[in-house]
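> Structure for the following, please:
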Amino acid sequence: MKLNCYCYLLLFSGIVFFTACSNQDKSSKPITPDDIKSHIAVLANDSLMGRKPFTEGENRTIAYISQQFKKLGLDPGNNGSYYQEVPMVEINGTPSETMEISGGKSPLIFHSVADYMVATRQELDKVDLKNSPLVFAGYGVVAPEYHWNDYAGLDVKGKTVIVLVNDPGFKGDTMTYYGRWTYKYEEAARQGAAGVIIVHQTKAASYPWSVVSSSFAGAKLYLKQNDKHLSRCKVEGWITEDAAKKLLASAGINGDMRELARNKDFKAVPLNMNLSVSINNKLKYSVSHNVIATLKGSTQPGEYIIYTAHWDHLGIGKPDAKGDSIYNGAVDNADGVASLISMAKAFTEVKDKPKRSIVFLAVTGEEQGLLGSEYYSTHPVYPLNKTIADLNMDALGNYGETKDVSITGKGQNDLDDYIEKFAKADDLVITGDQNPGSGSYYRSDHFSFAKVGVPALDMNNGTISKAHGAEWGKKQQESYTANHYHQASDNYSADMDASGMAQIANLLFNVGYQLSNETTYPGWKNGSEFKAVREKSLGK
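Purely as a prediction, here's the structure:
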């Protein structure tokens, strides 16, 4: 697959070669901002059509990544191929224009996109909820370790549950996996519900309704399943907070719904109302691709350090106010893949080659629910019990270097200690999640590795800008989330500041290089929900 001439010019211009320092007691910085930017310029170019799986944009994207790996002399990572096929189904669902609520004080009619978004995983031509009884099930959580069960004594078969985003505060302000929308859909299906609708609240979700409406629109991809996803709820979706308040008020429930659901004595509330909505589907079966390359270890080639970044984004959608319809995802996540390629280059140039093998894995389908990394973790090319760690890069900061760095899910595993060593060498302050309530540890591809026990790390820049201070840095983060995250405006520009991206990439390079020259295995810290899985895989 050929890229356009513009892409080829970028491919071969402006490259600066650096050799990594082999003395890993000091923080080495072989990855340059210019090198990263040269790849972002290609990956976020309109010619790649928003990098959506199952499109010509995928073909061009994976061709570019594999070409870069091949040019660096890396081995194909999957039995002679740079690709791992990921079988998926595309469900292009068209919801009914309105969702009708009968019963209650008065009938309600909600409008698609403005008030609600719905989809289905069921591989059927049409799914239909007709007068499905509604139940407010609080946070929709069953968490035995926290003595919490929102479904206790409740039969929801054939019914639709309304649940809140996030969790009741099991770990204070830090979200657990019980707070993630993916969990809520999974649990509702386990309970036998016909439908599940999550109430969107901007602060609790950590992103505005526009992210839901753009991410949920159009065709959705899912990993193929033998049961054609018929074990899942017929309808999975979201409703705005304003619409939810109207719905609950019509059922006689007023006040703060979160306060009500957080009460330890909360019991699910049948609303004595019924929901009707339908979805017409077009189905397409195909495969997407993970891209894998390997640098073989010099003395311990059967042990692996994996670096991950997702190459996919949202493709082409409706034009925004400026007429832009291509969701290029320059920050999310062209910069992560660009850093992955630059990191691969740095590893090929070190004087003392890594003893363990280094795997560079660009995964598909993250925006659709971590699909590519989930597929790899359940169909691993390299044994999971010989995989030392996964180091992930996703949406690195485009606002320059910071005096602090943020470890997503800080306190989960021993990889934090490696970061601390190299951060200290650069006089950097280490923080945890900037917004712990957003559940960031469960929102990118490292989580797929964590679920199967592999110590996994994701990190990003902090907020204290070296050039402009803390307040400015915080505003840059907030502006990106509010105005550019999953929007067509997430574009590449020549004046983009990639120095913060290089800052994180170099830290992760140093961590991986040290891990590659050790014989020990980092583990999970006490209290982590992933510790038992890892110890079992290692035969402990």
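
> residues contacting Asp433?
Residues near Asp433 by C-beta atoms under 8 Å, 6 or more residues apart in numbering: 174, 406-410, 440-441. (C-beta placed from N, C-alpha, C; glycine too.)

> List only buried entries from those.
Applying a neighbour-count criterion of 16 or more other C-beta atoms under 10 Å, the buried members of those are 174, 406-410, 440-441.

> So which of those residues sit within strands?
Among these, the members found in strands (DSSP state E) are 406-407.

> Which single one of the buried ones among the contacts of Asp433 is nearest to Asp46?
Within the buried ones among the contacts of Asp433, the smallest distance to Asp46 is 29.3 Å, found for Ser440 (C-beta to C-beta).

> which residues touch the closest residue to the closest one other than its chain neighbours?
By the measure of C-beta to C-beta, 6 or more residues apart in numbering, the closest residue to Ser440 outside its immediate chain neighbours is Thr408, 4.7 Å from it. When contacts are counted by C-beta under 8 Å, 6+ apart, Thr408 touches 433, 440-441, 444, 446, 457-460.

> Try it again at 10 Å.
Counting by C-beta atoms under 10 Å, 6 or more residues apart in numbering, Thr408 makes contact with 392, 394, 432-434, 436, 438-444, 446-447, 456-460.

> Same check on Leu415?
Contacts for Leu415 (C-beta under 10 Å, 6+ apart) come out as 388-391, 407, 446, 455-459, 508, 511-512, 515, 522-524.

> tell me the SS of the closest residue to it other than its chain neighbours?
In space, and not counting its chain neighbours, Leu415 is closest to Leu457: 4.2 Å by C-beta to C-beta, 6+ apart. With DSSP: H, G, I helix; E, B strand; the rest coil as the basis, Leu457 sits in strand.

> can you check Tyr492 too?
Put simply, Tyr492 is coil when judged by three-state DSSP.

> Specify the beta-bridge partners of Ile407.
Met459 (DSSP bridges).

> gap between Tyr521 and Gly192?
Taking C-beta to C-beta, to the nearest Å as the measure, Tyr521 falls 41 Å from Gly192.

> Revised request: answer the last question for Val212.
From Val212 to Gly192 the distance is 25 Å (C-beta to C-beta).

> Looking at those two, which has the bigger crowd around it?
Neighbours per residue (other C-beta atoms under 10 Å) separate Val212 from Gly192, with Val212 holding more: 24 against 14.

> Pull the contacting residues for that one.
Contact partners of Val212, counting by C-beta under 10 Å, 6+ apart, are 113, 116-117, 165, 181, 198, 200, 202, 205, 237-240, 486.

> Filter these down to the buried ones.
For the contacts of Val212, buried by 16+ other C-beta under 10 Å: 116-117, 165, 181, 198, 200, 202, 205, 237-240, 486.

> Looking at the residues you listed, which are in helices?
The helices, defined by DSSP state H, take in 181, 202, 205 from the buried ones among the contacts of Val212.

> Nearest spatial neighbour of the first one, chain-adjacent residues omitted?
Take Trp181 and drop its neighbours on the chain: the residue closest to it by C-beta to C-beta, 6+ apart is Ile198, 5.6 Å away.

> That neighbour bridge partners, please.
Going by DSSP bridges, Ile198 is paired in beta bridges with Val163, Trp238.

> ok, back up a step: tell me the contacts of the residue nearest to Leu415?
Listed by C-beta under 10 Å, 6+ apart, the contact set of Leu457 reads 389-393, 407-410, 412-416, 418-419, 441, 446, 449-450, 508, 511-512, 522.

> Met343 in helix, strand or coil?
At Met343 the chain is in helix, as set by three-state DSSP.

> got it, and the one 10 residues further on?
Under three-state DSSP, Lys353 falls in the coil class.

> Please tell me I have it right and it contacts Gln300.
No. With contact defined as C-beta atoms under 10 Å, Lys353 does not reach Gln300; the gap is 11.3 Å.

> overlap in contacts of these two?
Common neighbours of Lys353 and Gln300 (criterion: C-beta under 10 Å, 6+ apart): 516-517.

> Return the backbone torsion pair for Gln122.
Backbone torsions of Gln122, given as degrees, to the nearest 10, read phi -70, psi 130.

> Tell me who's in contact with it.
Shown in contact with Gln122 (C-beta under 10 Å, 6+ apart): 91, 93, 227-236, 279, 281.

> how does it look with 7 Å?
Gln122 is in contact with 228-230, 232, 234, counting by C-beta atoms under 7 Å, 6 or more residues apart in numbering.

> Okay, and which of the residues you listed map to helices?
Using DSSP H, none of the contacts of Gln122 sit in helices.

> out of the residues you listed, who's nearest Pro380?
His229 (23.2 Å).

> Tell me how many other residues crowd the closest one.
19.

> And the one 5 residues further on, by the same measure?
Using other C-beta under 10 Å as the criterion, Lys234 is surrounded by 24 other residues.

> And the residue nearest the centre of the chain?
The C-alpha lying nearest the average C-alpha coordinate of the chain belongs to Ser444 (C-alpha atoms, centre = their mean; 2.9 Å).

> Look at it and give its secondary structure.
Ser444 - assigned by three-state DSSP - is coil.

> Pretty sure it sits against Leu396.
No. Counting by C-beta atoms under 7 Å, Leu396 is not a contact partner of Ser444; they are 11.5 Å apart.

> Strands of the stretch 51-200 of the chain, start to end?
Taking DSSP state E, counting those that start in this stretch, the strands of the stretch 51-200 of the chain run over residues 75-76, 83-95, 98-103, 108-111, 116-119, 126-136, 142-143, 148-149, 160-164, 195-199.

> Identify whichever of those lies nearest to Asp497.
Set against Asp497 and scored by C-beta to C-beta, those come closest in strand 83-95, at 32.9 Å.

> helices or strands next to the closest one in the packing?
strand 219-223, strand 269-295, helix 371-378 (3 or more C-beta pairs under 7 Å, 6 or more residues apart in numbering; DSSP states H and E).

> Which among the ones you listed is found nearest to Asp150?
Counting by C-beta to C-beta, Asp150 lies closest to strand 269-295 out of these; the figure is 10.5 Å.

> Rounded mean pLDDT for stretch 287-298, please.
Across stretch 287-298, the average pLDDT comes to 98.

> chain center to that stretch: distance?
Stretch 287-298 sits 20 Å away from the centroid of its parent chain (C-alpha atoms, centre = their mean, to the nearest Å).

> And stretch 338-355, by the same measure?
On the basis of C-alpha atoms, centre = their mean, stretch 338-355 sits 25 Å off its chain's mean C-alpha point.

> Could you do stretch 498-509 as well?
19 Å.

> neighbours around the residue nearest to Gly400 when sequence neighbours are not counted, how many?
Nearest residue to Gly400 in three dimensions, chain neighbours excluded: Asp497, at 4.4 Å (C-beta to C-beta, 6+ apart). By other C-beta under 10 Å, the residues close to Asp497 number 18.
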